[in-house]
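# Quick one: sequence and predicted model below, then my questions.
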Amino acid sequence: MEATQTKSPQEMTTAELEALLKTKKEKEAKEKEKAKQQYERKRDETINFVMSFAKGVHEQLQELKDICHKRMEDQAEELSKYGGIRSDSKGGFSITNAAGDYRITRRRDTEPKWDERSIKAQELIKSFLTETVKKRDLKIYEILMSFLERNENGEMEYSRVMNLLQHEAKYDDPRWLEGLKLIKESYSNHLRGYGYLLKIKKEDGKWHSLNLNFSSL
């Protein structure tokens, strides 16, 4: 039997070159599809494993929070029987075990709110700052205006408002004073619920938090 001789590209006809190119493209397409399927299979395995694990942890965290709430609520009732909770705590308190190495703290999670009067307050303050302060000191003007900015939810920021109020005595313009007065009057603090801090005292004698917030680990 004669050995099959492979033609060089220079020896091939146009039809043969086109057939060869078609075969090569089909082979490359199959290899790409195979690589794609392998990637997608591995991707889905990773997603399914991590999400399944995360769902289990989420359920455990929810159960832990429910346990903390129930146990600490019972503890609060016991403490209140003999004055173990300060009158100004508003429900927040800490308990430490007899060995002195475990501590649980219940804290109030609150949300500051300003009602519709804050809109009028902003108008008065901005009017004063724009017509008066801006002409005298542009830098101070920009700083004070930044304290009036609202967040993406359209709410005023507590820390910014507190910074603004620290400058109250600097000016005696009626718009400035009335605006700050309205901001104070429109403020209220709403209880969202209770949060819990779990701490362990280690060999260094310092309290270390058990981080249950994924982003803080």
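Noted; the coordinates are in hand. Being a predicted model, the structure only gives us computed values, none of them experimental.

# Please make it C-alpha for all contacts and neighbour counts, starting now.
Noted.

# what ranges do the strands span in this protein?
Ranges of strands in the chain, per DSSP state E, are 93-96, 102-114, 187-201, 207-209.

# who wins for proximity to residue 46 among the ones you listed?
strand 207-209 (30.1 Å; C-alpha to C-alpha).

# quick check, distance from that closest one to the centre of its chain.
Relative to the chain's own centre, strand 207-209 is displaced by 22 Å; criterion: C-alpha atoms, centre = their mean, to the nearest Å.

# Domain boundaries for the chain, per the record?
15-85, 95-217 (automatic domain parsing).

# okay, the angle between the lowest-mean-pLDDT helix or strand in the chain and strand 102-114?
The helix or strand with the lowest mean pLDDT-type score in the chain, counting by mean pLDDT, DSSP states H and E, is strand 187-201 (a mean of 87). Compare the direction of strand 187-201 with that of strand 102-114 by axes from the mean of the first three to the mean of the last three C-alpha atoms, to 10 degrees and you get 160 degrees.

# Tell me which other helices or strands strand 187-201 touches.
helix 14-81, strand 102-114, strand 207-209 (3 or more C-alpha pairs under 8 Å, 6 or more residues apart in numbering; DSSP states H and E).

# of all those, which lies closest to residue 162?
strand 102-114 (11.7 Å).

# For the closest one, output the C-alpha coordinates as CSV.
Provided in CSV are the C-alpha atoms of strand 102-114 (Å, rounded to 0.1, in the frame of the first residue of the first chain):
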residue,chain,number,x,y,z
TYR,A,102,-17.7,36.1,78.4
ARG,A,103,-19.9,39.2,77.9
ILE,A,104,-23.1,39.8,76.0
THR,A,105,-24.3,43.4,75.3
ARG,A,106,-27.7,44.3,74.1
ARG,A,107,-27.8,47.7,72.4
ARG,A,108,-30.5,49.8,71.0
ASP,A,109,-30.5,50.1,67.2
THR,A,110,-32.1,53.4,66.5
GLU,A,111,-32.8,55.5,63.4
PRO,A,112,-32.8,59.3,63.4
LYS,A,113,-35.6,61.0,61.5
TRP,A,114,-36.5,64.6,60.6
